[in-house]
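J.: just need the structure, nothing else, for what follows:
(one chain, ligands or ions: 1)
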Amino acid sequence: MDPLEARSKYVMKGVALYHPVTIERGANAKLYDVNGKEYIDFTSGIGVANLGHANPELIKAAEEQLKKLWHMCFMVVNYKPYVELAERLAKIAPGSSEKMVLLQNSGSEAIENAIKVAKQVTGRPYVVAYENSFHGRGTYGYALASTGKYKPYKTGFDPLIPGVELIPYPYCYRCPFKQEYPSCGLACLDYVKNWFSHTRVPPERVAAFIIEMVQGEGGFVVAPRDYVKELKSFLEANSILLIDDEVQAGWGRTGKMWAVEHFGIEPDIIATAKAIANGLPLSAVIGKREIMENTSPGSFGGTYGGNPVACSVAIKVVEIMQRDRIPERAAKLGDIMRKRLEEMFEKYELIGDVRGLGAMQAIELVRDRRSKEPAADETMRVINKAREKGLLLLRAGVYLNVIRLHPPLTIEEDNLMRGLDILEESIREVVS
Ligand SMILES: Cc1ncc(COP(=O)(O)O)c(C=O)c1O
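T.: Okay, the predicted model is just below:
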């Protein structure tokens, strides 16, 4: 049976499929389907394969550990790959405070646990998250409740757990307050301080705010630096923790190891996953020692969290990121992407906005630049045309009208250029 047919017959419908192709293997930034067709990968499996597919050094690290020990449960015995990785993460985490680490399996679990830490340690009941955010669909708890996009993630599941409040994200292209940045004077933050805090949840009842410095699924929306700085001051003044969701934006993607490093603040807790082990299931919560030390023994963990093979690969990922200066390379790739997208913006009215940070660049497509009517159908047509021409792209955004570029950070420059050419050809064909 054709693998796509088998999928529709045996795999539940609730798991969506972006691209109807069956991929057999990958090599750095190229993917090959079961019919031998070649694709340039601008998805990295949603920001995961930052060091490319089938990276030989990572294969070796996995193989070596696989032969020694592939599971023992970190709550049963101690093992070196977990503690070695914890040490490395604590040392590369942003800011000068000492850090401690918890390892889990997925981004959703990292989020759940980051919020559990914040609640347990502060003894406060509420969490504040952002509209248009995505923190995971993997569990029926905080990850989903703090996700600020209703369809498709929350469809049929609500009401979700109480105690999570959503506030507007500084999405300046579509400001919910109809203002212009920076003349707005950060009206959205003003709303949080002066209205939300008095009408919805008083600050002394809030354990943490959870924020993506660059919203991923939300469409690569970058928070203004002064917003983040002022937010942190407000949180500190009210003893509220800041949880930085680096699941998608971390691991060199934005041109620095952590996205938050662009913003000049030190978060209290970081949740990270995706590229940490380049695709083996692994995630981490990295928190300030003073916070993580006050968690209650036995209330965190799990059978699989911090699998030894995944940890060994992640240790190698850290080493390669530093040795090959991958974040710097991401910044350079990002400049190439940005320049090219801005040239496209000049040529095609369909592009309403170009934005992003480092190698996390996107275009938002609109039917009319003035009304900003989302061009969701056109977005899908561009993506489908690009696939036919051998480029895999991802869609994002609250209106599904954003094309985000997420190539491996090790992509060869000629493949990056070829991918951008295909994107432009596809846009041209859709508008003509
Ligand atoms: C910012 C962010 N947080 C959390 C998650 C959830 O991660 P996972 O799918 O591994 O549960 C994602 C996944 O896309 C994400 O982009």
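J.: around the ligand, pick out the residues from the stretch 151-300 of the chain.
T.: Within the stretch 151-300 of the chain, the positions near the ligand by CB under 6 Å from any ligand atom are Glu212, Gly216, Glu217, Asp245, Val247, Gln248, Ala273. Glycine gets a C-beta too; all of them are placed from N, C-alpha and C.
J.: how does the protein divide into domains?
T.: 3-54+325-431, 59-323 (automatic domain parsing).
J.: just put these in JSON lines and tack on mean neighbour count and mean pLDDT.
T.: Listed next are the domains of the chain as JSON lines, based on neighbours: other CB atoms under 10 Å; pLDDT from 0 to 100:
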{"stretch": "domain 3-54+325-431", "mean neighbour count": "18", "mean pLDDT": "98"}
{"stretch": "domain 59-323", "mean neighbour count": "20", "mean pLDDT": "96"}
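J.: using the three-state scheme, assign the residue nearest to Arg25 when sequence neighbours are not counted.
T.: Taking CB to CB, 6 or more residues apart in numbering, and ignoring the residues beside it in sequence, Arg25 has Tyr32 as its nearest neighbour in space, at 5.3 Å. Using DSSP: H, G, I helix; E, B strand; the rest coil, the three-state assignment for Tyr32 comes out as strand.
J.: pick out the residue in the stretch 251-400 of the chain sitting closest to the ligand.
T.: Among the residues of the stretch 251-400 of the chain, Ala273 lies closest to the ligand, at 4.8 Å counting by CB to the nearest ligand atom.
J.: actually the chain, sorry about that
T.: For the chain, CB to the nearest ligand atom, closest residue to the ligand: Gly107, 2.1 Å.
J.: quick one, phi psi at the residue nearest the centre of the chain?
T.: Against the mean C-alpha coordinate of the chain, by CA atoms, centre = their mean, the closest residue is Gln248 at 1.7 Å. Backbone torsions of Gln248, given as degrees, to the nearest 10, read phi -100, psi -30.
J.: ok, it - contacts?
T.: Ile46, Gly47, Gly107, Glu212, Val214, Gly216, Glu217, Lys274, Met360 (CB atoms under 8 Å, 6 or more residues apart in numbering).
J.: relative to Gln215, how far out is it?
T.: 9 Å (CB to CB, to the nearest Å).
J.: same question, Met257
T.: 19 Å.
J.: show me what from the stretch 1-150 of the chain comes close to the ligand.
T.: So the stretch 1-150 of the chain meets the ligand at Ile46, Ser106, Gly107, Ser108, Ile111, Phe134, His135, Gly136, Gly138 (CB under 6 Å from any ligand atom).
J.: now with 8 Å?
T.: Applying CB under 8 Å from any ligand atom, one finds that the stretch 1-150 of the chain approaches the ligand through 46-47, 106-111, 133-138, 143.
J.: now, which of those sits nearest Pro94?
T.: Comparing these against Pro94 with CB to CB picks out Ala110 as the nearest, at 16.2 Å.
J.: just the CA trace of stretch 400-407, in PDB.
T.: Taking Å, rounded to 0.1, in the frame of the first residue of the first chain, the C-alpha atoms of stretch 400-407 are listed here in PDB:
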ATOM      1  CA  LEU A 400      -2.400  30.900   8.400                       C
ATOM      2  CA  ASN A 401      -1.000  33.500   6.000                       C
ATOM      3  CA  VAL A 402       2.600  33.500   7.100                       C
ATOM      4  CA  ILE A 403       5.400  31.600   5.300                       C
ATOM      5  CA  ARG A 404       8.300  30.900   7.700                       C
ATOM      6  CA  LEU A 405      11.700  29.900   6.700                       C
ATOM      7  CA  HIS A 406      13.400  27.400   9.000                       C
ATOM      8  CA  PRO A 407      16.300  25.800   7.100                       C
END
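J.: quick check, it touching the ligand?
T.: No: using CB under 8 Å from any ligand atom, stretch 400-407 never reaches the ligand; the gap is at least 10.6 Å.
J.: any residues touching that stretch, and which ones?
T.: Counting by CB under 8 Å, 6+ apart, 29, 40-44, 46-47, 216, 219-220, 253, 333, 337, 341, 356, 359-366, 374-376, 378-380, 382-383, 393-396, 415-416, 419, 423 sit against stretch 400-407.
J.: before we move on, back to that, I'd say the residue nearest to Arg25 and Asp41 touch.
T.: No: counting by CB atoms under 8 Å, Tyr32 stays clear of Asp41, with 10.4 Å between them.
J.: identify the contacts common to those two.
T.: Common neighbours of Tyr32 and Asp41 (CB under 8 Å, 6+ apart) are Gly26.
J.: any idea how far Leu392 is from the closest residue to Lys389 other than its chain neighbours?
T.: Leaving aside its sequence neighbours, Lys389 sits nearest to Ile422 (CB to CB, 6+ apart; 4.7 Å). Look at Ile422 and Leu392: by CB to CB, they are 10 Å apart.
J.: mind listing the shared neighbours of the two?
T.: Joint contacts of Ile422 and Leu392 (CB under 8 Å, 6+ apart) are Ile40, Ala386.
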